[in-house]
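K.L.:
Sharing a model prediction with you, sequence too.
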Amino acid sequence: MATSLAEENYLKIIYRLCEGTKEDISTNSIAELTNNKAASVTDMLQKLAEKGWVTYQKYQGVRLTKIGESIALSIIRKHRLWEVFLVEKLGYNWDEVHEIAEQLEHIESETLINKLDSFLDFPKIDPHGDPIPSQEGEIPELGYLHLSEVKLNETCTLMGVAKDSAVFLQLLTKLNLSLGARLEVLEINTFDRSVSLKIAEEKPIFISHEVAKNILVKV
């Protein structure tokens, strides 16, 4: 069954909201992310339910069905593969690719996406460290920690980000914090949980707790 661009966007958003929770997702949560009125969201959820892509009960919330989850994972796979292509092959910065990939993710050809995956040598993560679903919809288990969880004097490697907004990524670039950077936690301020980091041979830098909790690392 064919999907529209709007339907795909809703399925992707519902998947994102469902991650890490067994609770049904409220209409208001979806309305906030889509910038739509709750009534418009309800209309779309009813359409998705009729197609068998979500289970939805008014006032109780929504969850993806197996078919809906498969469609959402396919969209996410396409989005993240295009981000890899844009960064690795076309030289875009990691803060520039999200909006472009939002457009490219709606290309229907699975053959093209599988050829793209092969061309990129089957990457496991995108330029922000997010896992790329396989052709079968399986997601690699990455086991990252938030930098805010790393203990004093521990060394870790920057593996990704929990927030991929352009402004946040530009801040990390300015601080010379990029994927693969080796970080040592020199100090954790007891007042505001800000962190002093050493990056390779460079001078230590201070980052806020808010920044630290949105950086994903492997110890």
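P.N.:
Thanks, I have it. Since this is a predicted model, take the numbers as computed values, not measurements. Numbers count the residues shown, from 1 in each chain.
K.L.:
Name the surrounding residues that touch the helix or strand of the chain with the lowest mean pLDDT.
P.N.:
Among the helices and strands of the chain, helix 27-34 carries the lowest confidence by mean pLDDT, DSSP states H and E, at a mean of 88. Under the criterion C-beta atoms under 8 Å, 6 or more residues apart in numbering, residues 9-10, 13-14, 16-17, 36-38, 40-42, 45, 61-62 lie in contact with helix 27-34. (Each C-beta comes from the backbone N, C-alpha and C, glycine too.)
K.L.:
can you give me the strands in the protein?
P.N.:
Using DSSP state E, the strands of the chain run over 54-57, 61-64, 145-146, 155-161, 182-188, 195-199, 205-207, 215-218.
K.L.:
Counting by contacts, list what the third one packs against.
P.N.:
The reference is to strand 145-146. Packing partners of strand 145-146 (3 or more C-beta pairs under 8 Å, 6 or more residues apart in numbering; DSSP states H and E): strand 215-218.
K.L.:
how many neighbours does the spatially closest residue to residue 119 that is not a sequence neighbour have?
P.N.:
Leaving out its chain neighbours, the residue that sits closest to residue 119 by C-beta to C-beta, 6 or more residues apart in numbering is residue 85, at 7.9 Å. By other C-beta atoms under 10 Å, the residues close to residue 85 number 22.
K.L.:
do the same with residue 162
P.N.:
For residue 162, the number of neighbouring residues by other C-beta under 10 Å comes to 15.
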